[in-house]
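Enquirer: what follows is a predicted structure for the sequence shown.
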Amino acid sequence: CVLFQARKLSLRYEKQKQLDLTERTFSPQKPVDTSQSVCSRDKSTYVHLSSSGQWWFSVDSVSLRYNTSEEAVFNASDVYAPASSSYHCLHVSSLQRYSALLLPSSEPARRWTVTFTNFQIQAFNVTAGKFSPASVCATFMTPAILMGLVTSLILLLVLAYALHMVVHLKHIEHEDEHKADVYYPQSPQQPEHCCVENGAEKNVL
């Protein structure tokens, strides 16, 4: 009753090189082993949430088993969708840059990073092996939101530059007006007028 697909699965242990396990996990030459999977109404693998008469499914956890006995468990309760739909997200990962939808819930999990690329899952109402219309995840840093933030930043910078130029021009105009009020150039005819007046005064004397 569960339908799942992913284009890529990558793991990293602490600071070691990232491992691409896609071919080892989803390859046609490596069929997925579902022999230990259980699908029943009373199995608490999925958590049901009731809201306004709408039933939801939620992925409980993602477990990574290694060294035959150790297990890294990640809480995946942020991966949810209406029961009549599938859930799709470009990245379901434990990395912060992908919104960290997988949260470490055990100490070994803190040493691992898990990333599913082009992740899609449907828990119920699977018909003819096909996904129902998807409920797309709403992560904070989607490409559209990132482009919007960059565009807004550019517009703010242009606006700030324009305001700076307007204030600078007004400051220059104010200085020019101040200089015009203070400075009066002397007329070249003024000395002659002065001398004529001085000569007339001498004659009177």
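Expert: Yep, that arrived. Numbering: from 1, shown residues only.
Enquirer: tell me where the protein is predicted with low confidence.
Expert: Applying pLDDT under 70 to the chain picks out residues 1, 27, 29-36, 38-54, 138-145, 173-205.
Enquirer: can you give me the strands in it?
Expert: For the chain, applying DSSP state E gives strands covering 3-5, 8-13, 19-20, 49-51, 54-58, 61-66, 70-75, 80-82, 86-93, 103-104, 112-122, 134-136.
Enquirer: wait, which of these is closest to residue 158?
Expert: Closest approach to residue 158 among those (C-beta to C-beta): strand 86-93, 31.3 Å. All C-beta atoms are positioned from the backbone trio N, CA, C, and that covers glycine.
Enquirer: for that closest one, which strands pair with it and how are they oriented?
Expert: strand 112-122 (antiparallel), strand 134-136 (parallel) (DSSP bridges).
Enquirer: now for residue 101: which residues touch it?
Expert: Neighbour list for residue 101: 76, 78, 79, 89, 91, 92, 93, 94, 137, 139 [criterion: C-beta atoms under 8 Å, 6 or more residues apart in numbering].
Enquirer: turn those into JSON lines, columns for neighbour count and distance to residue 70.
Expert: Formatted as JSON lines, those follow (neighbours: other C-beta atoms under 10 Å; distance: C-beta to C-beta, whole Å):
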{"residue": "76", "neighbour count": "21", "distance to residue 70": "19"}
{"residue": "78", "neighbour count": "16", "distance to residue 70": "25"}
{"residue": "79", "neighbour count": "21", "distance to residue 70": "24"}
{"residue": "89", "neighbour count": "25", "distance to residue 70": "27"}
{"residue": "91", "neighbour count": "17", "distance to residue 70": "25"}
{"residue": "92", "neighbour count": "29", "distance to residue 70": "22"}
{"residue": "93", "neighbour count": "21", "distance to residue 70": "21"}
{"residue": "94", "neighbour count": "23", "distance to residue 70": "17"}
{"residue": "137", "neighbour count": "20", "distance to residue 70": "29"}
{"residue": "139", "neighbour count": "17", "distance to residue 70": "30"}
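Enquirer: all helices for this protein, in order.
Expert: For the chain, the helices defined by DSSP state H occupy 22-26, 143-182, 190-204.
Enquirer: the shortest one - contacts with which helices or strands?
Expert: For helix 22-26, the contact count by 3 or more C-beta pairs under 8 Å, 6 or more residues apart in numbering; DSSP states H and E identifies strand 8-13 as packing neighbours.
Enquirer: how about the strand it packs on: buried residues?
Expert: Within strand 8-13, the residues that count as buried by 16 or more other C-beta atoms under 10 Å are 8, 9, 11, 12.
Enquirer: got it, and stretch 103-110?
Expert: Residues of stretch 103-110 classed as buried by neighbour count (16+ other C-beta under 10 Å): 104, 105, 106, 109.
Enquirer: first-to-last residue distance for it?
Expert: 9 Å (C-alpha to C-alpha, to the nearest Å).
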